[in-house]
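Enquirer: return a 3D structure for these sequence lines:
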Amino acid sequence: MIKTISQARHFVKKVKVCTVFASEKTEHTSLWENVDLPEKQPGEAGWGEKISAVWTWKTRLPAEFPDEIYYGKIKGGLAVLMDMEYMTETHFPKAYTPVRKLNRLAQQVNALIEEQPWDTTALRRMAMEEFGCTKGQFDTALKNLQISMNIVRLNDPRAEHDTWVPFRELYLDVWQRYVDDEML
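Expert: Model prediction:
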């Protein structure tokens, strides 16, 4: 059972892919199910030790070990941590979908991210104003851009909010290996 970030790192590398939280929608184990820390007790303030650790590690692992651990979303919209080699060799070639094959809103949101990094709140506000979409439509577009491997969360431990950049910006070697310029 996992009690430290170091153990969490080794766990992700061992299982190759795990969801951050438990879900019946997948065959993958979760980090949550394998962390052995106390959950929030009745009357306790804050989140509790277990949720604090899992929530923090999902950001810290890819930030502190960017050559070893990838954070993203898989089909079904589940947040996952992946061994980088598994992501490169197995997941990316299966999951990648060119942005032109996604719906119009996803293409529009992607175009904004291509121009500059955006945190989720500012990006949602801009998309709702600019494209007249609902929060739910925006959230689906953002999720689909992640699942299709077109955008990724910036691996910066100093970032206070999820910040989105083009996948190729962080993983150019993977992008160049599988995606040629004609597919953009």
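Enquirer: separation between the most far-flung residue of the chain relative to its centre and residue 157?
Expert: Going by CA atoms, centre = their mean, the residue of the chain most distant from its centre is residue 43, 32.0 Å out. Using CB to CB, to the nearest Å, residue 43 is found at 32 Å from residue 157. Placement of C-beta: from N, CA and C, glycine included.
Enquirer: how far away is the most centrally placed residue in the chain from residue 149?
Expert: For the chain, residue 72 is the residue whose C-alpha lies nearest the centre (CA atoms, centre = their mean; 2.4 Å). Plainly put, residue 72 is 7 Å away from residue 149 if you go by CB to CB.
Enquirer: who are the contact partners of residue 120?
Expert: 142, 161-164 (CB atoms under 8 Å, 6 or more residues apart in numbering).
Enquirer: between those residues, which is nearest residue 32?
Expert: For the contacts of residue 120, the residue nearest residue 32 by CB to CB is residue 162; the value is 18.7 Å.
Enquirer: counting neighbours, what do you get for that closest one?
Expert: 15 (other CB atoms under 10 Å).
Enquirer: which ones are touching it?
Expert: Applying CB under 8 Å, 6+ apart, the residues near residue 162 are 119-120, 153-154.
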